[in-house]
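[1] Predicted model, plus sequence, below.
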Amino acid sequence: MTPLEELRHSASHILATALLRIYPDAKLDIGPPTDTGFYYDVDLDHKLTAEDLAKIEAEMKKVAEENQPFLRKEVSREEAVEIIKSRGQERYKLGRLADIPEGEKISFYQNGEFMDLCAGTHVRYSSKVKAFKLLSIAGAYHRGSEKNKQLQRIYGTAFATKDELAGYLEQMEQAKHRDHRKLGKDLRLFVIDEDVGQGLILWTPNGSVIRQELQTFISEELRKQGYSQVFTPHIGKLELYKISGHFPYYKESQFTPVVENESLARILREGCSCAEMVVRLDAVSSHLAAQVNARTGTETITADRVKPDDQLLDGFMLKPMNCPHHIKIFSSQPHSYRDLPVRLAEFGTVYRWEQSGELNGMTRVRGFTQDDAHLFCTEDQVAGELLGCLSLVKIVLNTLGMSDYRVRVGLRDPDSNKYTGAKENWDKAESACREAAKTLGVAFTEEPGEAAFYGPKIDFVVKDVIGREWQLGTVQVDYNLPIRFDLTYSGADNQPHRPVMIHRAPFGSMERFCGVLIEHFGGDFPVWLSPEQVRLVPISERTIDYGRDVLSRLKAAGVRATLDEHNDKLGAKIRRAEIEKVPYTLVLGAKEAEAQSVSVRSRARGDEGIVPVDQFLAKILEDIRLRSLSEKKKPA
RNA sequence: GCCGGCGUAGCUCAAUGGUAGAGCACCUGUUUUGUAAACAGGCGGUUGCGGGUUCGAAUCCCAUCGCCGGCUCCA
């Protein structure tokens, strides 16, 4: 345990000590340190409030001042049971004791009157813990399972010094200003309207500029890398997803199917309970089941889903993924090995039923657009194609100056059987992913259990301003769908062969990526992405006409510019442009009008002096063309 | 979905059972401005929505929708 973790862990014991003084009947579960602080999970009939938190914190201060030594005591399993029972903490602590493997040491730590089952380690005296703060109360399931009782989790943080604590709290406060939900509102980038629906993003004109620029950017890269762009509809027949296996496997996280009119009329005529309707929507024909099961070599469609044809209901689904549609484009023509790889790309909008409590601004939504593509290739081509996909992700991240991410190679969970496909294919795919990740030149972690059910993947994960991790770009190898859809190509031997699919999305989703990007730049977008690139500010009404003249020249060159015609003093107009985070403000007075020039004020560098209009135009056009990053804002 | 908190003008917030208010934004006028806020006036509300208690509800109660923090989930 690091010294800081030790401190925080001790703080959580002090929290428990104080808590039991105030609520002696509280049943404790577990109280570990975290990346940013500590928590303790507690079962207590009384619902803790913010006022209670203040009381507990005051009591914690007393415990700290009592300067209690932390004493370690090693005991036998039997003694441990006795201690736990004597303290009335058997409800959760006996279970935690049982988690300790036979043969391992069992220890308690005591400070003052409090004693807790704990491996340690701790600070030596409670007075070491002097810079701490309780932050919030939240529900948390015992052992993280929603089947168990929900406990109250008390979150807090602690640092070695009061200055560090104050610094951390200040940093959290600052982070709020960069939150994409706040900036999205302030800069009018997107809105979510409750009448439209939770988790459904409305891209306003400003946000749409950013999205459009990003799409143009990636489209240029796709053309260089030999992709073909396609368009597909937002819905597809239920049967399509029964073949792919997405329905009903992911039914819980999909929108309810749209039942076809004919089917709807039939069930209204015949009468049909809700439960029966669900069963009939899930069901597949014996014909389809036989085909898919034969191809996969396993019972992927189980007997209880098979129904006679006249019991089936037909309908459409909002697409939860783009792959089935792209597969149908691929399979609409015969392919030779000479055609491969086929790379089909689309900004494809998909819909998923995320739990209401999970929705979050633009980063977790119910409808989002993936910068998706599916590559159909031979097995020999997989490794090379993976490298191409990763280089695309790198280009994206480099261009945007995003270096604060981690890479995760998602592998099979060796203890699970949810994965489809032959072991040899998995071995090959996993090693291809691992080798490809190595070429990135950044550290990556291999995480068993993080693979998709159809194949391993390489994910790029970033943190938002309040430390939550989000998966952005992803590259996935898939041996499963080509089998389910019976995809083939003719090999050099004139025999049919099975292609391998790669799914990849460098941004992941446009919504999530833009959300993270807003926070990454704190709203100070580089010129090429800025919704408004130039603000023209006449010093008085006398130079408005000159402003109109400059405006039309900028617009003709394709620069996004506006003219501030408000009847305000110069300072007020500059202030407005600053608040709206426009990268360049051009001040126009009599001198400038006379010389066909502009006085340039940059968001990053302040007043840069007077230059001819043409010179400014050439410079900004070059920055836009190169997609240059803005210089960091000078500290205020 | 679960636990807890919150919901007042476009935005930030005030009003603790007794006439819904301020600043900014917006509109009009005066001012004609040189690098982060000129001055004055005006517009703007069924206090998220629906019920209830009360002589009287933004305020108390119930229900519902949404938002925030966590938990669970995430092809």
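    Sure, I can see it.

[2] Write out the residues of the stretch 501-636 of chain A neighbouring RNA strand B.
    A:539-542, A:566-572, A:574-575, A:578-579, A:585, A:587, A:589-592, A:599, A:601, A:606-607, A:610, A:636 (Cβ under 7 Å from any atom of the strand). Heads up, the C-betas are built off the backbone N, CA and C, glycines and all.

[3] Please flag which of the residues you listed sit within strands.
    A:Thr585, A:Val587, A:Ser599, A:Arg601, A:Gly606, A:Asp607, A:Ile610 (DSSP state E).

[4] any idea how far the last one lies from A:Val550?
    Going back to what we said before, that points to A:Ile610. 13 Å (Cβ to Cβ, to the nearest Å).

[5] Please say which of the two ends up with more neighbours.
    A:Val550 (25 against 17; other Cβ atoms under 10 Å).

[6] In contact with the more buried one, which residues?
    A:Leu536, A:Leu586, A:Leu588, A:Val598, A:Val613 (Cβ atoms under 8 Å, 6 or more residues apart in numbering).

[7] List just the nearest of these to RNA strand B.
    For the contacts of A:Val550, the closest approach to RNA strand B (Cβ to the nearest atom of the strand) belongs to A:Leu588, at 7.6 Å.

[8] burial measure for that closest one, as a count.
    27.

[9] Distance of it relative to A:Tyr489?
    According to Cβ to Cβ, A:Leu588 stands 63 Å off from A:Tyr489.

[10] With A:Ser219 instead?
    27 Å.

[11] What is the helix or strand hosting A:Phe217 packed up against?
    For A:Phe217, the element it lies in under DSSP states H and E is helix A:205-224. When contacts are defined as 3 or more Cβ pairs under 8 Å, 6 or more residues apart in numbering; DSSP states H and E, helix A:205-224 sits against strand A:342-351, strand A:367-377, helix A:382-399, helix A:510-521.

[12] Send me the shortest one as CSV with only the CA atoms.
    Extracted as CSV, the C-alpha positions of strand A:342-351 are listed here (Å, rounded to 0.1, in the frame of the first residue of the first chain):
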residue,chain,number,x,y,z
VAL,A,342,-13.5,-4.8,-48.7
ARG,A,343,-13.7,-1.9,-46.4
LEU,A,344,-17.2,-0.4,-45.9
ALA,A,345,-17.5,2.7,-43.8
GLU,A,346,-20.5,4.7,-42.6
PHE,A,347,-21.4,7.3,-40.0
GLY,A,348,-24.1,4.9,-38.9
THR,A,349,-26.6,5.9,-36.2
VAL,A,350,-27.6,3.2,-33.8
TYR,A,351,-30.0,3.0,-30.9
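
[13] Just the mean pLDDT for that strand, thanks.
    Throughout strand A:342-351, pLDDT has a mean value of 98.

[14] Could you do the second one as well?
    Summarised as a single mean, pLDDT over strand A:367-377 is 98.

[15] elements contacting that strand?
    On a contact count with 3+ Cβ pairs under 8 Å, 6+ apart, strand A:367-377 meets helix A:205-224, helix A:323-330, strand A:342-351, helix A:382-399, strand A:500-505, helix A:510-521.

[16] quick one: the strands in the stretch 51-200 of chain A?
    For the stretch 51-200 of chain A, applying DSSP state E, counting those that start in this stretch gives strands covering A:71-75, A:106-111, A:114-117, A:131-141, A:150-159, A:190-191.

[17] Let's see the pLDDT reported for the residue most central in space within chain A.
    Residue closest to the mean C-alpha point of chain A, counted by Cα atoms, centre = their mean, is A:Trp470 at 2.5 Å. Note on A:Trp470: pLDDT of 93.

[18] how about the residue nearest to it when sequence neighbours are not counted, what does it touch?
    The shortest distance from A:Trp470 to any non-neighbouring residue, by Cβ to Cβ, 6 or more residues apart in numbering, is to A:Thr363 (5.3 Å). The contact partners of A:Thr363, taken as Cβ under 8 Å, 6+ apart, are A:His180, A:Asp464, A:Arg468, A:Trp470, A:Glu511, A:Arg512, A:Gly515, A:Val516.

[19] Repeat that for A:Thr17.
    Applying Cβ under 8 Å, 6+ apart to A:Thr17 gives the contacts A:Met60, A:Val63, A:Asn111, A:Gly112, A:Glu113, A:Phe114.

[20] in the helix or strand encompassing it, what's buried?
    Element membership for A:Thr17, per DSSP H and E: helix A:3-22. Applying a neighbour-count criterion of 16 or more other Cβ atoms under 10 Å, one finds A:6-21 buried in helix A:3-22.

[21] picking that back up, switch the strands of the stretch 51-200 of chain A over to TSV; also include mean pLDDT, mean neighbour count and distance to RNA strand B.
    TSV is the format used below for these (pLDDT from 0 to 100; neighbours: other Cβ atoms under 10 Å; distance: least, Cβ to the nearest atom of the strand, whole Å):
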stretch	mean pLDDT	mean neighbour count	distance to RNA strand B
strand A:71-75	92	13	29
strand A:106-111	93	20	25
strand A:114-117	93	22	21
strand A:131-141	94	17	3
strand A:150-159	95	22	4
strand A:190-191	96	18	10
